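K.L.:
quick one, structure for this:
(2 chains)
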Amino acid sequence: MLTSGIIVLQGGLLDPNPGLIFWTAITFVIVLLILRKFAWGPIVGALEDREKAIQASIDRAHSAKDEAEAALRKNKELLAKADADADRIIREGKSYGEQLRSEMTAKAQTEANRMIAAAKEEIEQEKRRALDELRNEVADLAVQGAEKIIKANLDADKQKAIVAGMIDDLTKHRN
Amino acid sequence: MKRVNGYKSIVLSRVVTLLVPMLLGMGSLVYASSTVGHGAEAAHPEVVAHAQEAVHSETAVPDDAAAHGDGHGGHESAGDVIMHHILDSGVMAFEPFGELHLPKIVIGGYDISITKNVVMMWLASAILLAVFIPVGRTYSSLSSRKAASGVANTMEALVEFIRLDVAKSNIGHGYEKHLPYLLTVFAFILMLNLLGLIPYGATATSNVNVTLTLAVFTFIITQVAALKAHGIKGYIAHLTAGTHWSLWFIMVPIEIIGLFTKPFALTVRLFANMTAGHIVILSLIFISFILKSYVVAMFVSVPFSIFIYLLEIFVAFLQAFIFTMLSALFIGLATAHEGHEAEAAH
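P.N.:
Residues are numbered from 1 along each chain as shown, chains lettered A, B, ... in the order given. This is a model prediction of the structure:
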């Protein structure tokens, strides 16, 4: 193995060879040009296209997500607003109802009072009328009773005696 | 009982006395050391053949090596054989089937002949094109809503890894411009590294010229990127590292050396890593040839070289990744806007 080392030092490995340099350069440049035109161009172009497509897809996905989030936010806002509206409407309805109720109660109260007063008035009138009637009736009854009593107590002889007495008196007294 | 034991021990000792010399190769079992020279053949292909034989014994059991060991003898030491396996050559040897002599081309005094490593690079390029062009076609007919499957999906993981973890994280803004280079350099180096691990293959990345060329590409791209990012004024200001002018005569040379250290480090790292693994595998194999022993082959050479081989697969990926990573890092460093330095310079 020592000899091989000596030979390496003696040269051979590091000999310049213009022919080989020439052919290497020619071959490499031709391969480079052909591959650049027919292989690297299309491949790298396709890879870049794909990269761009992927990036575009990611961007699209991001914007879609943003849009969806915005829509969600808007929906939430709308929902909150609707909730508030409903609350407000309910509150208003309640207070209106309350007001209406109290109004109606008051109205009913006054109506009732008025009706009671009217009823009282009528009752009073009726009572008065009844009393009048009763008085007339009682008076008639008393007159009829008195008449009956008088009729029962009236005797023709007695009357005649009375009247004769009266005439006597009158004649006596005329003198 | 004692007698039976004694009998057994006698048998055992006989078996051992018979087997040990045989296993250690002390008899006629001499292989790979024949001194018969082949005068007609040139030394060059012979040595390559020998090296291939060594590689062959990685997969086959050593008996096999013994079978054709006497055919190709050589004077070379193990070191020569290893070096000839590692080094580039104009001959591709397919050991039992023959060998292929690659054409020599010389233009204007420069030797630009096709060598083993060049063939490997072309093979790697062909595989890369065959794999990635259909994948590219799949993707160009694919909409962004559909996912790829099969090979395309596998390659997508690789491309995505380089794109995001290497290019984007190191270069940052404007990484798309450098992405094709980084992807190509990763795939190219990885394929070359892996091709070096298959039988009959050669590792082009274990040649310093190949790695140097690739590193020079990174260097050029880095400097161009730096010039574009900072302008000529900023580029020159960067060389002074924002220090006081009296220190410039030290800082400027240091910064200039620093510029060249980076590609140098890239070159040597890849080259040395890929070479070292192969040298270790071949050395482990040659232990059994040098000691001429089956036992060593069974219990040292083969298991250890398998271990190193698996390690090499890991290293193949790792070094391709590191080269790409460091290239991206250097480009990122060069293009980074270092505001504090600019402020300090004023």
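K.L.:
and the contacts of stretch B:123-139?
P.N.:
A:27, A:30-31, A:34-35, A:38-43, A:45-46, B:148, B:151-152, B:155-156, B:187-188, B:191-192, B:195, B:204 (Cβ atoms under 8 Å, 6 or more residues apart in numbering or on different chains). Quick note: C-beta positions are derived from backbone N, CA and C, even for glycine.
K.L.:
try it again at 7 Å.
P.N.:
Applying Cβ atoms under 7 Å, 6 or more residues apart in numbering or on different chains, the external contacts of stretch B:123-139 come out as A:27, A:31, A:34-35, A:38-39, A:42-43, A:46, B:148, B:151-152, B:155, B:187-188, B:191-192, B:195.
K.L.:
filter the residues you listed down to the buried ones, PyMOL style.
P.N.:
To isolate the buried members of these in PyMOL, using 16 or more other Cβ atoms under 10 Å in any protein chain shown:
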select buried, (chain A and resi 27+31+34+35+38+39+42+43+46) or (chain B and resi 148+152+155+187+188+191+192+195)
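K.L.:
sort out which of the contacts of stretch B:123-139 are in helices and list them.
P.N.:
In helices, judged by DSSP state H, the following of the contacts of stretch B:123-139 are found: A:27, A:31, A:34-35, A:42-43, A:46, B:151-152, B:155, B:187-188, B:191-192, B:195.
K.L.:
what's the farthest-apart pair in those?
P.N.:
Farthest pair in the ones in helices among the contacts of stretch B:123-139 (Cβ to Cβ) is A:A46 and B:L195. Separation: 28.4 Å.
K.L.:
would you mind listing what in chain A touches chain B?
P.N.:
Residues of chain A that fall close to chain B, judged by Cβ under 7 Å from any Cβ of the partner chain: A:1, A:3-4, A:7, A:12-14, A:16-25, A:27-28, A:31-32, A:34-36, A:38-40, A:42-44, A:46-47, A:49-50, A:53.
K.L.:
select only the buried ones of those residues in ChimeraX?
P.N.:
Buried subset of those, written as a ChimeraX selection, criterion 16+ other Cβ under 10 Å:
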select /A:4,7,13,17,19,20,21,22,23,24,27,28,31,32,34,35,36,38,39,40,42,43,44,46,47,50
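K.L.:
what about the strands in the chain?
P.N.:
Chain wasn't specified; assuming chain A. Under the criterion DSSP state E, chain A carries no strands.
K.L.:
that's the wrong chain, I wanted chain B
P.N.:
For chain B, applying DSSP E gives strands covering B:91-94, B:98-101, B:106-107, B:110-111.
K.L.:
mind listing what's buried along the first one?
P.N.:
The neighbour-count check on strand B:91-94 (16+ other Cβ under 10 Å) flags B:V91, B:M92, B:A93 as buried.
K.L.:
circling back: adding distance to B:A226, write the strands of chain B out as a markdown table.
P.N.:
Formatted as a markdown table, the strands of chain B follow (distance: least, Cβ to Cβ, whole Å):
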| stretch | distance to B:A226 |
| --- | --- |
| strand B:91-94 | 41 |
| strand B:98-101 | 44 |
| strand B:106-107 | 34 |
| strand B:110-111 | 31 |
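K.L.:
name the nearest residue to B:N193, sequence neighbours excluded.
P.N.:
In space, and not counting its chain neighbours, B:N193 is closest to B:A316: 3.4 Å by Cβ to Cβ, 6 or more residues apart in numbering or on different chains.
K.L.:
with B:V159 instead?
P.N.:
Setting aside the residues directly before and after it, B:V159 is nearest to A:I43 in space (Cβ to Cβ, 6+ apart), at 5.2 Å.
K.L.:
can you pull out the helices in chain A?
P.N.:
According to DSSP H, the helices that chain A contains are A:2-10, A:18-35, A:41-153, A:156-174.
K.L.:
how far is the last one from where the chain is centred?
P.N.:
Taking the mean of its C-alpha atoms, helix A:156-174 sits 105 Å from the chain's own mean (Cα atoms, centre = their mean, to the nearest Å).
K.L.:
and for the longest one?
P.N.:
Shown here is helix A:41-153, whose average C-alpha point lies 12 Å from the average C-alpha point of the whole chain (Cα atoms, centre = their mean).
K.L.:
what packs against that helix?
P.N.:
Contacts defined by 3 or more Cβ pairs under 7 Å, 6 or more residues apart in numbering or on different chains; DSSP states H and E place helix A:41-153 against helix B:116-140, helix B:151-160.
K.L.:
export the ones you listed to a markdown table and tack on mean pLDDT and distance to B:D80?
P.N.:
Listed next are those as a markdown table, based on pLDDT from 0 to 100; distance: least, Cβ to Cβ, whole Å:
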| stretch | mean pLDDT | distance to B:D80 |
| --- | --- | --- |
| helix B:116-140 | 88 | 17 |
| helix B:151-160 | 84 | 39 |
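K.L.:
out of those helices, indicate the one that is most buried.
P.N.:
Among the helices and strands packed on helix A:41-153, ranked by average contacts under mean count of other Cβ atoms under 10 Å in any protein chain shown, first place goes to helix B:116-140 (a mean of 20).
K.L.:
gap between the closest residue to B:M155 other than its chain neighbours and B:M121?
P.N.:
Leaving aside its sequence neighbours, B:M155 sits nearest to B:V135 (Cβ to Cβ, 6+ apart; 4.8 Å). As judged by Cβ to Cβ, to the nearest Å, B:V135 and B:M121 stand 21 Å apart.
K.L.:
burial measure for B:A272, as a count.
P.N.:
Counted by other Cβ atoms under 10 Å in any protein chain shown, the residues lying close to B:A272 total 15.
K.L.:
just B:I281 next, same as before
P.N.:
25.
K.L.:
who's in contact with it?
P.N.:
Contacts for B:I281 (Cβ under 7 Å, 6+ apart) come out as B:S305, B:I308, B:Y309.
K.L.:
chain A versus the first one, what's the distance?
P.N.:
B:S305 sits at a distance of 14 Å from chain A (criterion: Cβ to the nearest Cβ, to the nearest Å).
K.L.:
my guess is that residue meets B:I285, correct?
P.N.:
Yes - under the criterion of Cβ atoms under 7 Å, B:S305 lies in contact with B:I285, with a separation of 5.7 Å.
K.L.:
show the pLDDT at the residue nearest in space to the middle of chain B.
P.N.:
Among the residues of chain B, the one closest to the centroid is B:M274, at 3.3 Å (Cα atoms, centre = their mean). Looking at B:M274, its pLDDT reads 88.
K.L.:
surely it meets B:T203?
P.N.:
Yes - between B:M274 and B:T203 there is a contact at 5.1 Å, judged by Cβ under 7 Å.
K.L.:
list residues touching both of these two?
P.N.:
Joint contacts of B:M274 and B:T203 (Cβ under 7 Å, 6+ apart) are B:N193, B:G196.
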